[in-house]
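1. Generate coordinates for the sequence data below:
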Amino acid sequence: MFMLMIPLLLVAVIAIWVIAQYNRLVTLRNQVQNGWKQIDVQLKRRHDLIPNLVSTVRGYMEFEQDTLEKVITARNAATTATGVADSAVKEQALTGALGRLFALAENYPTLKSNETVRQLQEELSSTENRIGFARQFYNDIATKFNITQQVFPGNIIATLFRFLPAELFEITDTTEREVPKVDLSLKR
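-> Prediction:
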């Protein structure tokens, strides 16, 4: 009787181990999906603020219509992004277009003093920070999920149940990797 219990006990331990590993992978996969949804919420907020900003500055920036069109085009492209990699590329283009818009806005004193424009810029800035934190959380949890799938014994369960690695947000523009040049000299 005792000899019959040992194999049964071994099968039970293995079954419990498989279930625990599977549940851990499912939990991490759901956390990755939640992390992506948090980014998505912040990106939607950003996409909703941009048309308000463009319509507010349009009257002031009559000679900068090309820049405004580029912002709208980049925003429209970003709203159609699918997946992490596509979203990263399109959001990076939108960030660049917004940066050019903000730089041009500095040349218009009446625009700089407009309360609505300042408020929208602050909202966008705040949203950019939230997006950055959400991306960091997403990359952290996606990395944990990927590591769990790649190390033993999680790799056995991940392969058995066909878990796929999560994509990470990465810098796609090589100029973003360059070290900024700062000149603190007082020469004029």
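2. Spit out the contact partners of the residue nearest the centre of the chain.
-> With distances taken as CA atoms, centre = their mean, residue 135 lies nearest the centre of the chain, 3.9 Å away. Contacts for residue 135 (CB atoms under 8 Å, 6 or more residues apart in numbering) come out as 39, 169. Heads up, the C-betas are built off the backbone N, CA and C, glycines and all.
3. pLDDT score for residue 173?
-> On the pLDDT scale, residue 173 is placed at 62.
4. What ranges does the protein have for its helices?
-> Remark: helices assigned in the chain by DSSP state H are 2-58, 65-79, 83-105, 109-113, 115-150, 154-160.
5. What average pLDDT does the last one get?
-> Same thing as helix 154-160. For helix 154-160, the mean per-residue pLDDT is 94.
6. Ok, the second one next?
-> Regarding helix 65-79, the rounded mean pLDDT is 91.
7. in it, what's buried?
-> Neighbour-count burial for helix 65-79 flags 67, 68, 70, 71, 74, 75, 77, 78 (criterion: 16 or more other CB atoms under 10 Å).
8. One more: the last one?
-> Within helix 154-160, the residues scored as buried using 16+ other CB under 10 Å are 154, 157, 158.
9. could you dump those to TSV with distance to residue 88?
-> Output for those, formatted as TSV (distance: CB to CB, whole Å):
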residue	distance to residue 88
154	27
157	29
158	24
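10. and of these, the nearest to residue 47?
-> residue 158 (34.4 Å; CB to CB).
11. What is the distance between the helix or strand bottoming out on mean pLDDT in the chain and the centre of its chain?
-> Every helix and strand of the chain was ranked by mean pLDDT, DSSP states H and E. The lowest is helix 109-113, at a mean of 77. Remark: helix 109-113 is offset 32 Å from the chain centroid, using CA atoms, centre = their mean, to the nearest Å.
12. Please consider this matter closed, and thank you.
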